[in-house]
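[1] After the sequence you'll find the predicted model.
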Amino acid sequence: VYKRQGWFYPAVAVATGGWWLKEAHGLLARAKAGVTGAKLKEMRLFHWSITYVSLLFVAVAVDPFLR
């Protein structure tokens, strides 16, 4: 039986997704400005994407217990 998510998962998804978009736009802006090397910080977005997915999975697991 399918049950809807509670409030916790959508809140985490919106917050972490917004932060990911902020980081992605920052990387794009640095790349367009011609920044290269360590100052480009492309690995920062990669590491954040792993954290983002991990937080989403935790939110999916915790959400049913908060209802």
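    Right, received. Where do you want to start?

[2] Now do the helices in the chain.
    8-32, 42-62 (DSSP state H).

[3] Now do the last one against helix 8-32: the angle between them, please.
    Which is helix 42-62. Put simply, helix 42-62 runs at 170 degrees to helix 8-32, going by axes from the mean of the first three to the mean of the last three CA atoms, to 10 degrees.

[4] what's the model's confidence in helix 42-62, averaged?
    Average pLDDT, helix 42-62: 95.

[5] try the first one
    Per-residue pLDDT values across helix 8-32 average out to 95.

[6] Counting by contacts, list what that helix packs against.
    Helix 8-32 sits against helix 42-62, with contacts defined as 3 or more CB pairs under 8 Å, 6 or more residues apart in numbering; DSSP states H and E. The way it works is simple: take the backbone N, C-alpha and C, and place the C-beta from them, glycine included.

[7] Against which helices or strands is the helix it packs on packed?
    Secondary-structure packing of helix 42-62 (3+ CB pairs under 8 Å, 6+ apart): helix 8-32.

[8] who touches residue 48 in this structure?
    Residue 48 makes contact with 19-20, 23 under the criterion CB atoms under 8 Å, 6 or more residues apart in numbering.
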